[in-house]
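Trainee: Next one to model:
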Amino acid sequence: MIKRLIYIFILTLIFASCKNDKKADGDFSTEFNVPDSVIYEGDLEISESAMDEIVQNISSPVEMAALIKSLGVPFSKDYLATTDYIDNYDTNFKKALGLGIFGADLGYLNMYNKTGSVIDYISAIKTLADGIRVGQFFDFTTLKRLATNNQNLDSLMYISVQNFNQMDRYLRENNRSNLSSLIVAGVWIEGMYLVGEVARKSPSAELSEKIGEQKIILSNLMILLNNYEKDPKFKELIEDLEEIQKLFKNVIITYEKGEPEAVEEDGMLVIKQNDKQFIEISDEIRNKIINKTADVRNKIIQL
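Mentor: Here you go, the predicted structure:
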């Protein structure tokens, strides 16, 4: 879709660049047979550029997991959504949300080099991806091979942009952007849950600030999801997230304009604006946000 959504999957999925290159120029609307049940017939009320801008600002599990690990917080499997009941993800709505949730968990596992559990999450992602007819874009054999060798874990950091765009184009051309939105929502919810649970047991200023930052990101996500609010399932999810959004009204974010700075990037001179962001969030509000996020997340995984 765009860079941020690429980063959302950067620790979780490697796309089959070799297998799919020959299909890059094909007609994806006719190449795969998609049942009517996965097609969204609603009108897309948000422009493509606006959708890109929204998704670009949604935090990735890479950032969340990296922050957690950088604070010296030990790994805990208790934070992860279980893959034992994957068959309960029996609708496309649930499967798309589950893809995002398990994708975020896989990023967390990879960050801590937990190869023993990675295979279960890769298998769950394969099941869900096949269920919404996007499994053809993933090379799960390669994923499993890389995941079982600690020396190859860095390879899970890379992604084929071309093939990601193929999948995204396929979803959009087949009126399935709603599924992309749900995957992003699942990633955000699980990422917030992971940070929240860590902050609950090991509170820190860095984690509180990261939680406070989500005020803006959740607002962007809600714009994306509200495009599909006529769907009863979307409406229910939106209403649940609105409960979190209400709590964020007590978080104050201010900015201080900094001096521009000329820096060199990739051999080019770039002007950067060094603005500062300040986040005010009380312990009480932080804890309420953590608790409500856990409620929403647990409701989803209990199905």
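
Trainee: Show me the strands in the stretch 151-300 of the chain, by range?
Mentor: With DSSP state E, counting those that start in this stretch as the criterion, the stretch 151-300 of the chain has strands at 252-256, 260-265, 268-273, 276-280.

Trainee: looking just at contacts, which helices and strands does the first one meet?
Mentor: Contacts defined by 3 or more Cβ pairs under 8 Å, 6 or more residues apart in numbering; DSSP states H and E place strand 252-256 against helix 205-226, strand 276-280. Quick note: C-beta positions are derived from backbone N, CA and C, even for glycine.

Trainee: Return the set of buried residues in the shortest one.
Mentor: Which is strand 276-280. Within strand 276-280, the residues scored as buried using 16 or more other Cβ atoms under 10 Å are residue 279.

Trainee: and the angle from it to helix 205-226?
Mentor: With axes from the mean of the first three to the mean of the last three Cα atoms, to 10 degrees defining the directions, strand 276-280 sits at 90 degrees from helix 205-226.

Trainee: Just checking: what are the partner strands of strand 276-280?
Mentor: strand 252-256 (antiparallel) (DSSP bridges).

Trainee: Low-confidence ranges, the stretch 51-200 of the chain, go.
Mentor: 51-62, 142-169, 172 (pLDDT under 70).

Trainee: thought residue 135 was touching residue 125?
Mentor: No: applying Cβ atoms under 8 Å as the test, residue 135 and residue 125 come out as separate, 9.0 Å apart.

Trainee: returning to that earlier point: ranking the helices and strands packed on strand 252-256 by burial, who's on top?
Mentor: Comparing the helices and strands packed on strand 252-256 by mean neighbour count (mean count of other Cβ atoms under 10 Å), helix 205-226 comes out on top with a mean of 19.

Trainee: can you give me the end-to-end distance of stretch 66-79?
Mentor: End-to-end span of stretch 66-79 (Cα to Cα, to the nearest Å): 15 Å.

Trainee: Over to stretch 261-274?
Mentor: Terminal-residue distance, stretch 261-274 (Cα to Cα): 7 Å.

Trainee: who's in contact with that stretch?
Mentor: The contact list for stretch 261-274, computed with Cβ atoms under 8 Å, 6 or more residues apart in numbering, reads 257-260.

Trainee: So what's the model's average confidence on it?
Mentor: What stretch 261-274 shows for mean pLDDT is 79.

Trainee: Pull up the gap between residue 275 and residue 256, please.
Mentor: 7 Å (Cβ to Cβ, to the nearest Å).

Trainee: To clarify, my last question referred to residue 119.
Mentor: For residue 119 relative to residue 256 (Cβ to Cβ), the value is 47 Å.

Trainee: okay, these two: which has more neighbours?
Mentor: residue 119 (15 against 9; other Cβ atoms under 10 Å).

Trainee: Can you point out the buried residues in the helix or strand containing the more buried one?
Mentor: For residue 119, the host element (DSSP states H and E) is helix 115-131. Within helix 115-131, the residues that count as buried by 16+ other Cβ under 10 Å are 115, 117-118, 120-129, 131.

Trainee: Stretch 101-119 now?
Mentor: For stretch 101-119, burial by neighbour count (16+ other Cβ under 10 Å) applies to 101-112, 114-115, 117-118.

Trainee: Which pair of these spans the longest distance?
Mentor: 101 and 115 (20.3 Å; Cβ to Cβ).

Trainee: What is the neighbour count of the closest residue to residue 225 other than its chain neighbours?
Mentor: Nearest non-adjacent residue to residue 225, counting by Cβ to Cβ, 6 or more residues apart in numbering: residue 238, 5.4 Å away. Each residue near residue 238 was counted by other Cβ under 10 Å, and the total is 18.
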